[in-house]
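S.K.: my questions are about this predicted structure, shown below with the sequence.
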Amino acid sequence: MLNITMIGCGAIGVGVLELLESDPQLCVDAVIVPEESQGLVRQRLAGLRKPPQVLSELPAGSRPDLLVECAGHRAIEQHVLPALAQGIPCLVVSVGALSEPGLVERLEAAAEFGGTRIELLPGAIGGIDALSAAKVGGLESVRYTGRKPARAWLGTPGETVCDLEHLAEAQVIFEGSAREAARLYPKNANVAATLSLAGLGLDRTQVRLIADPLSCENVHQVEASGAFGGFELTLRGKPLAANPKTSALTVYSVVRALGNHAHVISI
Ligand SMILES: NC(=O)C1=CN([C@@H]2O[C@H](COP(=O)(O)OP(=O)(O)OC[C@H]3O[C@@H](n4cnc5c(N)ncnc54)[C@H](OP(=O)(O)O)[C@@H]3O)[C@@H](O)[C@H]2O)C=CC1
Ligand SMILES: O=C([O-])CC(=O)C(=O)O
């Protein structure tokens with residue numbers, strides 16, 4: 001059985017914990033969340049058969065088999081970097097954080113120092129295996145379009161482009177490089193960053209973000225071409241009720257990745 005520590009326990013974290021209850025090979029012993037939300041998180045987890053401990057940091061000397069981040073960009077600096085340096089393998093969903101200059105190199109250095117690895121999870125998007133294989137032969141272009149319900153863009157710079165509450169039709173709120181998308185829309189640009197890291201990089205991956213008042217899904221479209229040929233992918237993700245900015249597939253992506261570490265066949 002693998003003993004896991006989870007960073008963050010919001011929409012993704014709770015979904016993952018609920019699904020892992022039926023897997024005897026995986027056990028989340030502890031979740032790490034900010035001090036001020038610990039009470040709320042304990043309430044959220046009270047219905048689980050075996051609720052994990054709720055902590056504000058990894059106890060000194062604690063050595064989980066895996067650490068999985070489901071928290072947000074700040075948690076990479078705060079928890080993932082030190083865990084890697086201590087030799088704990090880490091799985092990460094807040095891939096957009098890696099668009100911050102220098103962070104990829106610091107994560108690599110920490111993992112090398114600790115003699116371990118960091119795994120970037122596909123999260124809400126599919127086709128990462130194909131894109132990253134296509135990169136070996138040479139990619140020519142990668143274009144990503146992210147379309148979400150208008151209200152999912154509240155609290156982002158999209159608010160300055162249009163009136164998100166009263167939008168009548170779909171509106172492009174951003175067009176540019178994946179680097180710029182990750183800087184301006186950190187909570188919504190994890191997919192763009194993941195596609196960039198797997199493919200042509202942050203500066204050459206083209207991104208378009210759309211607020212669509214008529215959509216009730218998070219729709220991710222990828223068009224890629226290169227020496228391998230080409231592919232077009234449309235993924236219509238259902239948003240999580242607990243956080244409409246996040247697609248349910250992200251929860252399943254975490255459960256799949258953890259399962260692949262524990263089960264004898266991985267796919
Ligand atoms: N790769 C992908 O495709 C996707 C990635 N994501 C990433 O996943 C993250 C989590 O998503 P979601 O669960 O929907 O978000 P929620 O806001 O529902 O939950 C986040 C949880 O993490 C906690 N948290 C925040 N910062 C820290 C920190 N520094 N240390 C420890 N815990 C922390 C929060 O605590 P509190 O409530 O106190 O803030 C909360 O428990 C997103 O921020 C995004 O970066 C999301 C969707 C798709
Ligand atoms: O969950 C999603 O649909 C994707 C998302 O938020 C992101 O790219 O950060």
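M.R.: Arrived safely, thanks for sending. Ligands and ions are numbered 1, 2, ... in the order given.

S.K.: relative to residue 219, how far out is the residue in the stretch 1-150 of the chain positioned nearest to ligand 2?
M.R.: Closest to ligand 2 within the stretch 1-150 of the chain is residue 124: 3.4 Å, counting by C-beta to the nearest ligand atom. Glycine gets a C-beta too; all of them are placed from N, C-alpha and C. Remark: distance between residue 124 and residue 219 (C-beta to C-beta, to the nearest Å) = 10 Å.

S.K.: got it, and residue 160?
M.R.: According to C-beta to C-beta, residue 160 stands 23 Å off from residue 219.

S.K.: secondary structure element holding residue 133?
M.R.: Taking DSSP states H and E as the definition, residue 133 sits inside helix 128-137.

S.K.: any residue of that helix touching ligand 2?
M.R.: No. Judged by C-beta under 6 Å from any ligand atom, helix 128-137 makes no contact with ligand 2; its nearest approach is 12.7 Å.

S.K.: buried stuff in that helix?
M.R.: Using 16 or more other C-beta atoms under 10 Å as the burial criterion, the residues of helix 128-137 that qualify are 128, 130, 131, 134, 135.

S.K.: close to ligand 1, is it?
M.R.: No. Helix 128-137 lies out of reach of ligand 1 by C-beta under 6 Å from any ligand atom, never closer than 10.2 Å.

S.K.: just the mean pLDDT for that helix, thanks.
M.R.: In this model, helix 128-137 has an average pLDDT of 98.

S.K.: check stretch 24-32 too.
M.R.: Rounded mean pLDDT across stretch 24-32 is 97.

S.K.: which positions in the stretch 101-250 of the chain make contact with ligand 1?
M.R.: Counting by C-beta under 6 Å from any ligand atom, the residues of the stretch 101-250 of the chain that sit close to ligand 1 are 123, 124, 187, 190, 191, 194, 242, 243, 246, 250.

S.K.: perfect, that will be all.
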